[in-house]
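Student: quick one, what's the 3D model for this:
(chains A, B and C)
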Amino acid sequence: MKSDSSASPVAHGSAADEFQDTDLLRSIEEAGIRFRVTATLVFLVILGGWVLFRRQILHGLGVTGLNQPVAWGFYIVNFVFFIGISHAGTLISAILRLSQAEWRRPITRMAEVITVIVLAIGGFHPVLDLGRPERMMNIFTVGRLQSPLLWDVTSISAYFMASTVYLFIPMIPDIALLRDRGVRPRWLYAFLAWGWQGTPRQHQVLEKAISIMMILVIPIAVSVHTVISYIFAMTLQPGWHSTIFGPYFVVGAIFSGIAALLVVMIVLRRIFRLDRYLKDVHFDPLAKLLLLMSLLWFYFTFSEYLTAFFGQEPSELRVFFHKFSGPYAPHYWGMVACNFLIPVLILSFRRSRRIPGILIASIAVVIGMWLERLNIVVPSLANPRLPYPTGFYIPSLVEWGMFAGGIGTFILGFVVFGRFFPLISIWEIQEGREKAIKETLERTQSYLPSVSASSS
Amino acid sequence: MQGKSEPGWIWALQVVSVALIWAFVLGIGIWVINLLLLSHRLKDVPSASVGISIVAIPVFLTGAGVLTYVFVGLRRGRKPDSKDTSK
Amino acid sequence: MARWGMVIDLDRCTACGACVAACHQENNLAAVGPEEATRHSRAFHWLRLLPEASGAHADVRMRYFPQPCFHCDNPPCVRVCPVGATYLGEEGIVGQIYPRCIGCRYCMAACPFNAKVFNWYDPEWPGDLERKANPDVSLRPKGVVEKCTFCHHRINRAREEARAKGRKLRDGDITPACAESCPARAIEFGDLEDPRSRVSALAHSSRAFRLHDDLGTKPKVYYLTERSEHGEDSRQRGA
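Tutor: Numbers count the residues shown, from 1 in each chain, chains lettered A, B, ... in the order given. Prediction:
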């Protein structure tokens, strides 16, 4: 079957001749009825969303809950939400690679897949929100560069391109493995493997390319969410026109991204029985990072709202109280509970910082961050400066349907990806076994005081 | 199985896909330049926006460049005994 | 080059709403219906009567601002439009290019005065209103944003007539529909940069103020505060 050491992408002549990671190929080689049923069910949910959306195409945006003055709602909330999740993907994977954190090895693939999928979903949401989507090409023919929406189109496209490249390049050795094992469809893997043989020269090329991308992707990722925040911050609306929005959104994006990553890791670990690869030691640092981000998020949120309240500017106060004690109080305090209280309570203590607790905390954060996006978009629009009556927003079935469809697309993306490609980077695990231990040992030794010339 | 080169049509498809990526990136470049020229003609765009857009183009070029580097590099790095010798 | 502006005298205004009705008729505004306007909060006006209550019980004062688009000279809506469908014209009118608008509603979110409205559905004109549409004003489809245009079609028409008669435009040649219909003659329209025009004089009066001009958008619609019984304006009274 598979025991020719010189043939595998693994380094040659290693003691572990046998391929140890067949577990990771199970989802691909043994895909059967479970895959088909799941994929079909999720696809039906997505289809349902589109059937509902047909109403909007036929009749117009009137079928949504949007109105005067709340002209933006779920579509924009989900736009920001999904793109926010994209951060942990590439950002964490890039930062972990950059800092040579060895525990990243089973995580990077899932993280990068998350990014690509949610960028596609999130990036498409503004199109769903358009009154005349067929005129979208106007953005390309007569686009105005001073508009923050245009900056968005540019930066999100750049991020999508960079993260797709950053996902694909480290996948090449694994694709070559699948090609060599004869997994069907053979032409697909042969096409994508780009002639990989695992030679030292090829490894060099790959490492170099990954290093370039991991550095390039970080400023792009930061810019994407900053630019998204500028959509709001560059207007004069109370509650939006705040200089803190750039960093606030980036922090929030990293926060929600890590939470989503943890949920994905825990769920996939369960479904594909990856306990050997995703151990407690992989979850613990991410959980601590989530705790840290929760505290950081709280700090930014506190600053934002204290500033608004302390200034006592009437328009700002109206928006503030709309969230604090008004119609949006449940959403606001729900957000604080989900983003701060629950994660801090669970993740601060080692006893609860285990996988079940981490799952609860992460799901809470994902919900809380969605609420945060809602709290940013609607209350500011609902409280105009001029003495209009306070606005309201009741999302309609179409908007809920597209929300469900968006989540469904995310799940379907993973289901399909896992059907054709390994969810954990096999060659990086093998590299970890063979090279990383020695390298880490040498690196740690280099940090310690040098040995004097006299001793050996 | 191992070390064998792909059939010719797959190789052609790979080249086409890389070419398409370059077409995409160049398309984006043309689009951004088009918008820059438009904003110059109308003279109403803050310099920051122009700066951001100008920075965007090298990012796309780098992405396509890295992909091409990998594609060519992997071809070149193949073992010499394989049928499809590197150029 | 003219710079069109408007002055609305709150002392003369009785909030009768004739201006609102005239604007609807002149500019072929769609009728959204009572259900949409109230339950779904999608009232559709280019010029609206904005009620402002001040004071406490037993001494509540209501004011009604006829509020069109202010045609700001530093318009936030223009700056955020991704396709340039809303733009600041040479004569100070913030225009809207309906065929170009993609309906993203960013301008609606950015306008501090909520001057813009959106066609949530295909526009409808009940009865025979559609037959009586004003041919000078284009009809808008669903999915695009629209707003008060200072009746620029009347400006163009006045220009053509003046040219046909071989003379220049005079102050008073142009009246938007709202100004024309006001029985109290509370709305004045004209060239703010013409020192001899009525709007120019009124805009510089001690009673003149603009809504939220602290935002720096430079609105070109001025309001004149109410006078007291004795003819003083409310500022002199210290109100």
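Student: residues in contact with C:Ala179?
Tutor: The contact partners of C:Ala179, taken as Cβ atoms under 8 Å, 6 or more residues apart in numbering or on different chains, are C:6, C:19, C:185, C:187-189. (C-beta placed from N, C-alpha, C; glycine too.)
Student: correction: the previous question concerned A:Tyr166.
Tutor: A:Tyr166 sits next to A:90, A:93-94, A:112, A:210, A:213-214, A:217 when contact means Cβ under 8 Å, 6+ apart.
Student: report pLDDT for the residue of the stretch 151-300 of chain A found nearest chain C.
Tutor: Nearest to chain C in the stretch 151-300 of chain A, going by Cβ to the nearest Cβ, is A:Thr235, at a distance of 4.3 Å. Note for A:Thr235: predicted pLDDT of 94.
Student: quick revisit: could the contacts of C:Ala179 be laid out in JSON lines, adding distance to chain B, pLDDT and neighbour count?
Tutor: As requested, the contacts of C:Ala179 are arranged in JSON lines below (distance: Cβ to the nearest Cβ, whole Å; pLDDT from 0 to 100; neighbours: other Cβ atoms under 10 Å in any protein chain shown):
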{"residue": "C:Met6", "distance to chain B": "24", "pLDDT": "96", "neighbour count": "27"}
{"residue": "C:Cys19", "distance to chain B": "32", "pLDDT": "97", "neighbour count": "27"}
{"residue": "C:Arg185", "distance to chain B": "37", "pLDDT": "95", "neighbour count": "11"}
{"residue": "C:Ile187", "distance to chain B": "30", "pLDDT": "96", "neighbour count": "25"}
{"residue": "C:Glu188", "distance to chain B": "30", "pLDDT": "95", "neighbour count": "24"}
{"residue": "C:Phe189", "distance to chain B": "26", "pLDDT": "95", "neighbour count": "27"}
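Student: in strands, which of those residues fall?
Tutor: C:6, C:187-189 (DSSP state E).
Student: nearest to A:Ser425 among the residues you listed?
Tutor: The closest of the ones in strands among the contacts of C:Ala179 to A:Ser425 turns out to be C:Met6 (Cβ to Cβ; 65.7 Å).
Student: hang on, that closest one packs against C:Cys182?
Tutor: No. Here C:Met6 does not reach C:Cys182: they are 11.5 Å apart, not a contact under Cβ atoms under 8 Å.
Student: quick check: residues of chain C near chain B?
Tutor: C:78, C:84 (Cβ under 8 Å from any Cβ of the partner chain).
Student: so is the top helix by length along chain B next to chain A?
Tutor: In terms of residue count, the longest helix belonging to chain B (DSSP state H) is helix B:8-42. Yes. Using Cβ under 8 Å from any Cβ, we find that helix B:8-42 touches chain A at B:10, B:13-14, B:17, B:24-25, B:28, B:31-32, B:34-36, B:38-39.
Student: that helix: which residues count as buried?
Tutor: B:10-11, B:14, B:18, B:21, B:25, B:28-29, B:31-32, B:35-36, B:38-39 (16 or more other Cβ atoms under 10 Å in any protein chain shown).
Student: before we move on, what about stretch C:171-183?
Tutor: Within stretch C:171-183, the residues that qualify as buried by neighbour count (16+ other Cβ under 10 Å) are C:173-182.
Student: got it, and stretch A:220-240?
Tutor: Within stretch A:220-240, the residues that count as buried by 16+ other Cβ under 10 Å are A:220-240.
Student: and what of stretch C:59-66?
Tutor: Neighbour-count burial for stretch C:59-66 flags C:63-66 (criterion: 16+ other Cβ under 10 Å).
Student: touching stretch C:182-202 from outside, list them.
Tutor: Stretch C:182-202 is contacted from outside by C:1-14, C:16, C:18-19, C:66, C:92, C:150, C:171-172, C:174-176, C:178-179, C:203, C:208, C:220, C:222, C:224, using Cβ under 8 Å, 6+ apart.
Student: ok, stretch C:24-37 next?
Tutor: Against stretch C:24-37 from outside (Cβ under 8 Å, 6+ apart): A:62, C:23, C:42-46, C:119-121, C:123-126, C:129, C:132-134, C:137, C:139-140, C:149, C:151, C:176-177.
Student: which among those residues count as buried?
Tutor: Buried, going by 16+ other Cβ under 10 Å: A:62, C:23, C:42, C:44-46, C:119-121, C:123, C:125, C:137, C:140, C:149, C:151, C:176-177, out of the contacts of stretch C:24-37.
Student: out of those, which are inside helices?
Tutor: Among those, DSSP H puts C:23, C:177 in helices.
Student: and for A:Gln445, the neighbour number?
Tutor: Using other Cβ atoms under 10 Å in any protein chain shown, A:Gln445 has 10 neighbouring residues.
Student: where in the chain is pLDDT low?
Tutor: Picked chain A for this. A:1-18, A:453-456 (pLDDT under 70).
Student: please go with chain C instead
Tutor: C:229-239.
Student: farthest from the middle of it: give me that residue.
Tutor: Farthest-out residue of chain C from its mean C-alpha position, per Cα atoms, centre = their mean: C:Ala58, at 32.4 Å.
Student: nearest to chain C: which residue in chain A?
Tutor: Taking Cβ to the nearest Cβ, chain A has A:Gly131 as its residue nearest chain C, at 1.9 Å.
Student: three-state assignment of that residue?
Tutor: coil (DSSP: H, G, I helix; E, B strand; the rest coil).
Student: surely it touches C:Ile102?
Tutor: Yes. Here A:Gly131 lies in contact with C:Ile102, judged by Cβ under 8 Å, at a distance of 6.9 Å.
Student: okay, those two: which has more neighbours?
Tutor: C:Ile102 (27 against 21).
Student: and the closest residue to that one other than its chain neighbours, how many neighbours?
Tutor: Leaving aside its chain neighbours, C:Ile102 sits nearest to A:Arg135 (4.6 Å; criterion: Cβ to Cβ, 6 or more residues apart in numbering or on different chains). Neighbour count for A:Arg135, taken as other Cβ under 10 Å: 20.
Student: what sits against A:Arg135?
Tutor: Shown in contact with A:Arg135 (Cβ under 8 Å, 6+ apart): C:83, C:100-103.
Student: just A:Arg104 next, same as before
Tutor: Neighbour list for A:Arg104: A:92-93, A:96-97 [criterion: Cβ under 8 Å, 6+ apart].
Student: switch the cut-off to 7 Å
Tutor: A:93, A:96-97 (Cβ atoms under 7 Å, 6 or more residues apart in numbering or on different chains).
Student: who wins on neighbours among these?
Tutor: A:Ser93 (28 neighbours).
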